[in-house]
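Enquirer: Got a sequence here, can you model it:
(chains A, B, C and D)
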Protein chains: 4
Amino acid sequence: MIAENQISEEKFQDLLHSYRKFVEEHLFPIDLQVVTGAFRSFLPMLHALREKAKSLGLFTPHLSREEGGLGLSLVQFAQVSEILGQSPMGHFVCNCAAPDIGNMELLHQFGSQSQKATWLLPLQRGEIRSCFAMTEPQFAGSNPIHMATIARKEGEEYVISGHKWFTTAADGATFAIVMAVTHPEVESPYQKASMILVPTDTPGFSIVRNIPIMGESGEDYLSHAEIKLDNCRVPLSHRIGQEGQGFALAQARLGPGRIHHCMRWIGICERAFDLMCRRAVSRDLDPGKALAEKQTIQHWIAESRAEIKASRLMVLDTARKMQELGAKAVKDDISTIKFYVAEVLMKVINRAIQVHGAMGITDDTLLSFWYRHERGAQIYDGPDEVHKSALARSILANYSKK
Amino acid sequence: MIAENQISEEKFQDLLHSYRKFVEEHLFPIDLQVVTGAFRSFLPMLHALREKAKSLGLFTPHLSREEGGLGLSLVQFAQVSEILGQSPMGHFVCNCAAPDIGNMELLHQFGSQSQKATWLLPLQRGEIRSCFAMTEPQFAGSNPIHMATIARKEGEEYVISGHKWFTTAADGATFAIVMAVTHPEVESPYQKASMILVPTDTPGFSIVRNIPIMGESGEDYLSHAEIKLDNCRVPLSHRIGQEGQGFALAQARLGPGRIHHCMRWIGICERAFDLMCRRAVSRDLDPGKALAEKQTIQHWIAESRAEIKASRLMVLDTARKMQELGAKAVKDDISTIKFYVAEVLMKVINRAIQVHGAMGITDDTLLSFWYRHERGAQIYDGPDEVHKSALARSILANYSKK
Amino acid sequence: MIAENQISEEKFQDLLHSYRKFVEEHLFPIDLQVVTGAFRSFLPMLHALREKAKSLGLFTPHLSREEGGLGLSLVQFAQVSEILGQSPMGHFVCNCAAPDIGNMELLHQFGSQSQKATWLLPLQRGEIRSCFAMTEPQFAGSNPIHMATIARKEGEEYVISGHKWFTTAADGATFAIVMAVTHPEVESPYQKASMILVPTDTPGFSIVRNIPIMGESGEDYLSHAEIKLDNCRVPLSHRIGQEGQGFALAQARLGPGRIHHCMRWIGICERAFDLMCRRAVSRDLDPGKALAEKQTIQHWIAESRAEIKASRLMVLDTARKMQELGAKAVKDDISTIKFYVAEVLMKVINRAIQVHGAMGITDDTLLSFWYRHERGAQIYDGPDEVHKSALARSILANYSKK
Amino acid sequence: MIAENQISEEKFQDLLHSYRKFVEEHLFPIDLQVVTGAFRSFLPMLHALREKAKSLGLFTPHLSREEGGLGLSLVQFAQVSEILGQSPMGHFVCNCAAPDIGNMELLHQFGSQSQKATWLLPLQRGEIRSCFAMTEPQFAGSNPIHMATIARKEGEEYVISGHKWFTTAADGATFAIVMAVTHPEVESPYQKASMILVPTDTPGFSIVRNIPIMGESGEDYLSHAEIKLDNCRVPLSHRIGQEGQGFALAQARLGPGRIHHCMRWIGICERAFDLMCRRAVSRDLDPGKALAEKQTIQHWIAESRAEIKASRLMVLDTARKMQELGAKAVKDDISTIKFYVAEVLMKVINRAIQVHGAMGITDDTLLSFWYRHERGAQIYDGPDEVHKSALARSILANYSKK
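Expert: Below is the predicted model:
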C-alpha cells in the first residue's frame, strides 16, 4: 500500500506541520470529552472533523494518491502516525485507525476486484467501518494457531461457526474479517485457516457483549466485542486470498500494523510527556517552589525523553528497513520495538500520572484513559514476553554449541 | 481505640480463621459484581452481609469490647485487616473501612460526650456513614499546610466556606469532618486549622460532583467527591478537639490509618497473587504446556511472594512498635511501609494482569478494578516521593558533616 | 549446633553491644588495609585479634557453651552475624567464617568421635582452617548432582580422583571435605555421592591455582582455589556420615549456611549504608550545598533503608522458623531470602558507590571490595534464578489445574 | 578534526570490515592476557600491533588524511570506535584512545604552531603519550568550576601548584594538559581557569600514586594517577588557547569525547553480548538442556539487544547532528546518551556475568575487567544524575508556569 509516488522532503515537512496544527487546533480541544463520554453521541462531530481533514488533505494518509491518499512511504506515514497518536481521536478522524487500516491493507493486497469495489472503497471513503476477528476466548492469544472457529464448505458457501473475542470496534462495523479453520485435516497448524469476509448483518452473526475493559464496555469504535458466529453463511467468494493462507495473511497484516501501533504509542508518550512538563512547572509545592525543581521529577523527565527518543529511532529504523527489504527481513526488529516501546509507553504514562498527583488518576486529563486503555499494549499482538523469547531464539540460532 | 482487653492467641487464631471463612464464603462470590455494577443497587445485599458479620462476631473488629468490638491489639487488627482487604467489600461489610474507621478513632479519642452520642454511636453501629474533607484542589495534597477553607467564628457558630476534593465516600455520608483555617493570624502553619464536624444536610454544603477517577465517577461509598462549603453554619460545639489542633489531630488520625491501608494492600496483593497462580496453572500455551512452566512467570510469582512477605513483616513490625511506643516513635517506619508496600502493590497487580493476558484487562477479574483504583496508593496520604525524602532526612539528621 | 543453654535477652543485648564495640574499635580501623593488602602478611595481626576476641568472650559464637561457644539460638547468632558482617574480617576473627563454620556444623552433627577429636577440636580453637570442595568446572554449580569426582573403595581406603574449583580458602587449609561419587551405580542422582575428609597434605591433592576473581587471585583465607585430586588415598573412616549421604549432608550444611550468608550481607549493607550517609552529608556540590540535599540521594537512602529492613525481618523470621520447625520446613523461606537479600546487597553497594562519585570506585573505601567480591552473592549457593524458580514451583504445587 | 575529505560509503564499509577483522584476529587473542597482566610487559607486543595497524591503514582513524588519518566524519569514526571498543586494547593500538585523542583534538584546534610541532606530531605518530589533569580530590568532579590549582604568572612563566587526581594514563605520559586558575579575580567561575601544557619531567611535577581502583593500581596507560604540582614552572607559551578559556576548551574537548566514550561502551556491550550468547548455548544445566532454553536468559538477551540498538541509534543520531550543527546544538543529546548508554553498559555486563555463573566473576573472561573498570562510566564526565537534571532543566526551560 506504500505508494511509489513519494512526495518531496520539503512538502513532507509542510505536511507534518499541517498534521500538528490539525491535531492541536481541532482534536486536543475535544478528545478528553470524547473518551470520557458516550462515543456515539460524538459521531456527528467526529464526522464533521473527518470532512475537515479531507478538506485539508489529511485524510487516509496511508493510501496511495490514486486511492485518495497521500502517497507516503512507510517511514513518512510513521511520522504522521506519531502526530495523530497524540490524540485518541487522531487516527479515527483521519481514517487510518486500527482495525480499519489493517483491513484496508489486506483487501488492497489480497482482495478480489469485487471485494475491493464492495468493501474496500467505502471503507477508504470512511462510509463504513470494519473489524477483524481472530482471538478466541478458550485459547491463548499469543499462540493463535489453536483455533476452534470452523468454516466448512457447503456448495458455494462457507458455513462458519465459532466464538471470538477482543474483536475491536465490531460494534458498528459493517463487516468482519474472520479467521476460521477451513482445512482441519492439513498437518501444518499454519495452513489450516483461511480469512473470510463476513458482513455483520449475516444471520447467525451476533455481538454477545462489548467486553467491559478496565471498567468500561465502551461502544462503537471504542469497544472490543465478544462475538458468536452460529452457522453464518457467506459465498465462497468472500474468502480473502487463497485457501489455508489465513496465517500468512495475518502475518502480512500484523507487520506494518505493529509499526503503526508503535508510532501511535510514541505519540501518546509525547502528549503525556508534555502534560508532565506542564504540570511540573505549574504546580507549586510551596509558594514559588515548583514541582519542576524536584530532582526526582527532573530525572523522570530526562529518562522519559531518552526512552521516547530511543523508541522513535528504533521504530523509524525498522520502518526504513521494512520499506527497503520487506517485512520478513525485519521480523526481529518488529519484536524489538513491540516490547521496548510498549514498556516505555507504560513507564511514561505512569510517571506523568505521578507528577500530576491526585489529578493524575482523575479523568481531568487524558492520562487515566491511556493508563487504562494502553495497558493492553504489553499484551495484544503478542505479549512482551513472547516477543522477547522470539527475538532471543532468533539471535541464538546464529550460535552453535562450541 | 486499641483495647487492653486482649484476646488469647488461640482465640485470635480461631478469629482469623472465621474471617477467612467469611470473606471466602460470603464476599468472594459477590465482590466483582459489586465493583463493576452500580454500588447503590447492592446496598440491601451489603447491609444483609453486615448483619451476617454481626451475628458471627466479626463486625467493627477495631473497637474495644465495650464499644461492641473485638478488643484487638493493633497488631491483631492489622492481621484481620489483611484478610478483609482480599475483598474490596471486606472492610465495608465489617464497618472498619476508611474514612469511617479514621473518623471513629478521631471521635473516640477527641470527641466530646455529645459528639460521641450523636455521631460516633450510629457510625459504630453502621447506621450512618461519614467522610473526611481535607485536600483542596488548588494546593498540593502532599503539603496540606496550604489551605483556603476558612471557618470564622460568629457568635456561637462557625461559618465555613471552602472548596475540597477527593473527599472519599461523601456521597451518602451523614456528616463530614472538615479541616478549616480558624486562626489565620497564628504564625505556625501547623496551628492555623481546626477540625469541625459538618452535617452534610447543613445549608451551603454541596457535592459538586463525584470526581470521575479512572473512568468512573462511582457512587456512595465507592466515590470521591468534590465539595463546596458556602457559608455553612455549625455550632462551635461541632469542633473536634482544641482550636488550632487540626493538624495534630490529622496526624493522629493518619498514623494507624496508614497501617490499615498497608495491611489492606497486602490483602489485595494476596488475592492478586492467588489469581495469578490459579491462572498460571490453568492456562495452556500449547496443549499440556501451562503458563506456570514459563520461567518468567515463575520469577514473577517468586518475586511477588518475597515482596509480599517483606511487606507484611514490616507492617506488623511497625504496628507492634506503634502499639508499644506510640505513633511518634514510628514516624520513619510509617514512611517506610507507605512507599514500600504501595510499590509492591502496583508491581503484584501488574504482574497478575500480565499473567492473565487479555483477560487481565477485562472486568472478568478484580485485577482491573485494583489496577485502576489502587494506582492512587502511591499518591494519597503523601506520595511515595514525599515519604522517601522524609525518611531520608530523618536518617541523615543523625549524621553531621565530619 | 544450636545449644539449648540459651542466654537471657538482657545478657544477649549486652553481648550484641560488645560485638558492636569490638568491630568498631578493633576491626574497622584495619579491615580496609587487610583486604587491599597481602592477606598472609596480616595473619599475625589477625591472630592477635582472635586472642582479643577470645578474651572478650566473643570467639566462636555459634558453638554451644560446652564447646567453648556462647550457646546462642540461631536467631541470636544471626544478629551477631550481622554485626560481624560489617567488617570483612568479622567472621574470620571470631572464627565463625565460611567455610569453617559449615564444616564445624557438619562434623559436630555427623562426624565420628575420632573425626571430632582430630579435626573438629583444633578447628574450633582456631588452630587450623578447612575447606569444602563440591563445585566442578565442567558442570553447572547450580545443579550439583552432575559430578565427575570419583572415590572408589580399595580395601580400607578411598581412592579419590577429580577436579574441583571455587574451593574457598583451600590455600592454607589443613583439610578439605570433598564430595565424591562413591556409588555411581545407584539410580537416584541424590544418593551417588559421599562426603570424605581429605587432609590437604595427602599425596595427589594439589591446588592448581587460586582462581583470579575480579582481578585478584587472593591468598589464604581470601581465595578460591582450583583443586586436583589425583588418586588421593584416605582411610574409609574419613567418610563423614553414611555412604551415599553426600547430598543430604550438603543440604543440611547449606540450610543454616544461607542464613549466615544473608545476615553477613545485611551487615555489609549496613556498613555501606553508613558510608553512603556519611558521604552524603560531608560532600559539598557547591559550598554549603551537601549531596544529602539532592532528592535522588535521599531516595536511595530511603529505599536502601526499607530494603535492608525488609531483608533483616525476613532472615530473622526464617531463622526463627528453622529453629522451631527444622530446616526442611523453611526450604521456601531460604530460597526467598537467598535471592531477595543478594539483590538488595548489590543495590545498596551500587548506590553507595554512586554517592561517593569517583572515590567510590577507588580502594579508599570498602565499597569497591564488596562490589567485586560480593557480586558472587547472586551466583554461589544457587543463582538467584534457580532459587526463584524453586520457590515458584513449590508454591504452584499447591495449585491444580481447575 | 573532522575532515572534509570524506570517503565513499562503499570504501567505508570495506574499512569497517578491515577493522572488524583486525580486532578479531589480532586483539581478541591477546586482550584478556594484557588486562590481567602487568601492562608494561606487553608494551613491545602492543607497539608491534600499532605497526601492524599502521601498515593496514587503520592507525589514528580520527585524523584527517593530511595528518595521517582516514578523513572520517564523526559518524563514521563513531562506527569505527564501536568496533575498536570491543577490545580493551582497540583504541590504544590504533592510537585513538582517551585521553590522547582528546588532547590531539585540543591541540589541533587550539594549539600554537610550536605546540603542534613539539607535542601534537609525536602524539599523532604514537611516539609519546599524554594526560589531562582537571579533577581535584577536594572538589566534586561533577562541578569542575571549583578548583584550587593555581597558575600564577611570574615574568614569562606560569608557576603552577595544585593537587589533581584521576589523571588517566599519567604514568608514562610525556606531558599533561593541566587546568589551573589563572584569573581568580574574575567574577564568572567559568572564566577563571586556563589550560596549560606541562611536561611531566618539569621539576615539581610528581605522581603521588596510581590510585588503586577496584583492587588494581594498574600502570602506564591502564592507570589513573594522583598528581602533585609544586611550583612547576613552564613558559607562558605553554598555555593552550586564550587566557581564561579553560572551561570553554574543556567543554569543546568533552563534546566529541562523550561520543567516543559512548561508542566504545557500545563496543563493550556487543562483546559482552556475544560472550553471553556463546555461554548460553554452550553451557548445559542438564545434559542436552542448554542455558539458552531458559526464558530468563532469553529475555536478558532480547532486552540487551534492544537497549544496545537504542544506544547505537541515539549516539549515531547525536554524532550526525553534532557534525551538521556543531557541539552546542547537541548539548541535550550528549547528556541523553551519556546517562542512557552508561546504564545500558552496566546492565549488559551484569547480565553477561550472571549467565556465566561462577566463571563470570573470574578473570577467565573480559567481563570482570569491564564490570570493574567501566563502573566509572556512570560517574566520570559527569555522573548520570547530573546529566539527567541538566537535560530536564533544558527541556523545562521551554515551559512556563501557565
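Enquirer: Which secondary structure element of chain A has the lowest mean pLDDT?
Expert: Least confident helix or strand of chain A, by mean pLDDT, DSSP states H and E, is strand A:284-286 with a mean of 84.
Enquirer: Checking the next helix or strand along the chain from it against chain B, do any of its residues make contact.
Expert: Downstream of strand A:284-286, the first helix or strand assigned by DSSP states H and E is strand A:289-290. No - if you take C-beta under 8 Å from any C-beta of the partner chain as the test, strand A:289-290 misses chain B, and the best it gets is 9.6 Å. Yep, even glycine has a C-beta here, placed from its N, CA and C like the rest.
Enquirer: Close to chain B: what parts of the stretch 251-400 of chain A are there?
Expert: Residues of the stretch 251-400 of chain A lying close to chain B by C-beta under 8 Å from any C-beta are A:283-287, A:291, A:294, A:296, A:353-354, A:357-358, A:360-364, A:368-369, A:371-372, A:375-376, A:378-380, A:383-385.
Enquirer: Relative to chain C, which residue of the stretch 51-200 of chain A is the closest?
Expert: Of the stretch 51-200 of chain A, the residue with the smallest distance to chain C, taken as C-beta to the nearest C-beta, is residue A:138 at 13.8 Å.
Enquirer: Let me know the secondary structure of that residue.
Expert: coil (DSSP: H, G, I helix; E, B strand; the rest coil).
Enquirer: can you tell me which residues contact residue A:208?
Expert: By C-beta atoms under 8 Å, 6 or more residues apart in numbering or on different chains, residue A:208 lies in contact with A:225, A:226, A:227, A:228.
Enquirer: Show me what secondary structure element comes after the helix or strand hosting residue A:198.
Expert: Element membership for residue A:198 (DSSP H and E) is strand A:193-199. Proceeding N to C from strand A:193-199, the next assigned helix or strand is strand A:205-210, under DSSP H and E.
Enquirer: So for that next one, what gets flagged as buried?
Expert: The neighbour-count check on strand A:205-210 (16 or more other C-beta atoms under 10 Å in any protein chain shown) flags A:205, A:207, A:210 as buried.
Enquirer: What of stretch A:12-26?
Expert: Buried-residue list, stretch A:12-26, by 16+ other C-beta under 10 Å: A:12, A:15, A:19, A:22, A:23, A:26.
Enquirer: Return a PyMOL selection command for the buried portion of the contacts of residue A:208.
Expert: Buried members of the contacts of residue A:208, defined by 16+ other C-beta under 10 Å, are picked up in PyMOL with:
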select buried, chain A and resi 225+226+227
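Enquirer: Turn the contacts of residue A:208 into CSV, columns for distance to chain D.
Expert: CSV is the format used below for the contacts of residue A:208 (distance: C-beta to the nearest C-beta, whole Å):
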residue, distance to chain D
A:225, 33
A:226, 31
A:227, 33
A:228, 35
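Enquirer: where's residue A:81, which helix or strand?
Expert: Following DSSP H and E, the helix or strand that holds residue A:81 is helix A:74-85.
Enquirer: Repeat that for residue A:162.
Expert: Element membership for residue A:162, per DSSP H and E: strand A:157-168.
Enquirer: Neighbouring strands of that strand in the sheet, and parallel or not?
Expert: strand A:150-154 (antiparallel), strand A:222-235 (antiparallel) (DSSP bridges).
Enquirer: Sketch out the strands for the stretch 1-150 of chain A, chain order is fine.
Expert: A:130-133, A:150-154 (DSSP state E, counting those that start in this stretch).
Enquirer: Tell me which of the ones you listed is the most buried.
Expert: Highest mean neighbour count of the strands of the stretch 1-150 of chain A: strand A:130-133, a mean of 27 (counted as mean count of other C-beta atoms under 10 Å in any protein chain shown).
Enquirer: quick revisit: tell me which of the buried residues of stretch A:12-26 fall in helices.
Expert: A:12, A:15, A:19, A:22 (DSSP state H).
Enquirer: which regions of the stretch 101-250 of chain A lie under the pLDDT threshold?
Expert: A:141-144 (pLDDT under 70).
Enquirer: If we ignore the residues flanking it in sequence, what's nearest the residue of it at minimum distance from chain B?
Expert: With C-beta to the nearest C-beta, the shortest gap between the stretch 101-250 of chain A and chain B falls at residue A:212, namely 3.8 Å. Closest residue to residue A:212 apart from its sequence neighbours, by C-beta to C-beta, 6 or more residues apart in numbering or on different chains: residue B:363 at 3.8 Å.
Enquirer: Now do that neighbour against residue C:76, distance only.
Expert: 51 Å (C-beta to C-beta, to the nearest Å).
Enquirer: quick revisit: near chain D too, which of the buried residues of stretch A:12-26?
Expert: Near chain D, taking C-beta under 8 Å from any C-beta as the test, no member of the buried residues of stretch A:12-26 is found.
Enquirer: just these now: which is nearest chain B?
Expert: residue A:23 (22.7 Å).
Enquirer: Now the closest one. Nearest residue, chain neighbours left out?
Expert: Closest to residue A:23 by C-beta to C-beta, 6+ apart is residue A:87, at 5.1 Å.
Enquirer: Surely the one you found touches residue A:32?
Expert: No - contact between residue A:87 and residue A:32 fails when scored by C-beta atoms under 8 Å: they sit 9.4 Å apart.
Enquirer: For those two, work out which one has more neighbours and name it.
Expert: Shown here are residue A:87 and residue A:32; by other C-beta atoms under 10 Å in any protein chain shown, residue A:87 has more neighbours (26 against 17).
Enquirer: Could you check how far the more buried one is from chain B?
Expert: Distance from residue A:87 to chain B, counting by C-beta to the nearest C-beta, to the nearest Å: 18 Å.
Enquirer: before we move on, the earlier item: save the strands of the stretch 1-150 of chain A as a markdown table, and put in distance to residue A:180 too.
Expert: Formatted as a markdown table, those follow (distance: least, C-beta to C-beta, whole Å):
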| stretch | distance to residue A:180 |
| --- | --- |
| strand A:130-133 | 9 |
| strand A:150-154 | 4 |
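Enquirer: what's the closest of those strands to residue C:173?
Expert: strand A:130-133 (68.9 Å; C-beta to C-beta).
Enquirer: roughly how far is the closest one from the heart of the chain?
Expert: Strand A:130-133 has its C-alpha centroid displaced from the chain centroid by 12 Å (C-alpha atoms, centre = their mean, to the nearest Å).
Enquirer: so what does it touch, helix or strand wise?
Expert: For strand A:130-133, the packing partners by 3 or more C-beta pairs under 8 Å, 6 or more residues apart in numbering or on different chains; DSSP states H and E come out as helix A:100-110, strand A:157-168, strand A:175-181.
Enquirer: list the contacts for residue A:152?
Expert: Contacts of residue A:152 by C-beta under 8 Å, 6+ apart are A:158, A:159, A:182.
Enquirer: how close does the nearest residue to residue A:93 once chain neighbours are set aside get to residue A:126?
Expert: Spatially, and ignoring its direct neighbours in sequence, residue A:93 is nearest to residue A:49 (4.7 Å; C-beta to C-beta, 6+ apart). Residue A:49 is 11 Å from residue A:126, where distance means C-beta to C-beta.
Enquirer: Can you give me the domain boundaries for chain A?
Expert: Per automatic domain parsing, the structural domains of chain A span A:9-97, A:130-244, A:248-396.
Enquirer: And the second one, end to end?
Expert: Which is domain A:130-244. End-to-end distance for domain A:130-244, by C-alpha to C-alpha, to the nearest Å: 22 Å.
Enquirer: And for stretch A:347-363?
Expert: Note: stretch A:347-363 ends 19 Å apart using C-alpha to C-alpha.
Enquirer: Quick check: mean pLDDT of it?
Expert: Mean pLDDT, stretch A:347-363: 96.
Enquirer: swap in stretch A:308-317?
Expert: Stretch A:308-317 comes out at a mean pLDDT of 98.
Enquirer: List the contacts of it.
Expert: Stretch A:308-317 is contacted by residues A:75, A:78-79, A:82, A:259, A:262-263, A:265-266, A:269-270, A:273, A:333, A:336-337, A:340-341, A:344, A:348, D:306, D:309-311, D:313-314, D:317, D:336, D:340 when judged by C-beta under 8 Å, 6+ apart.
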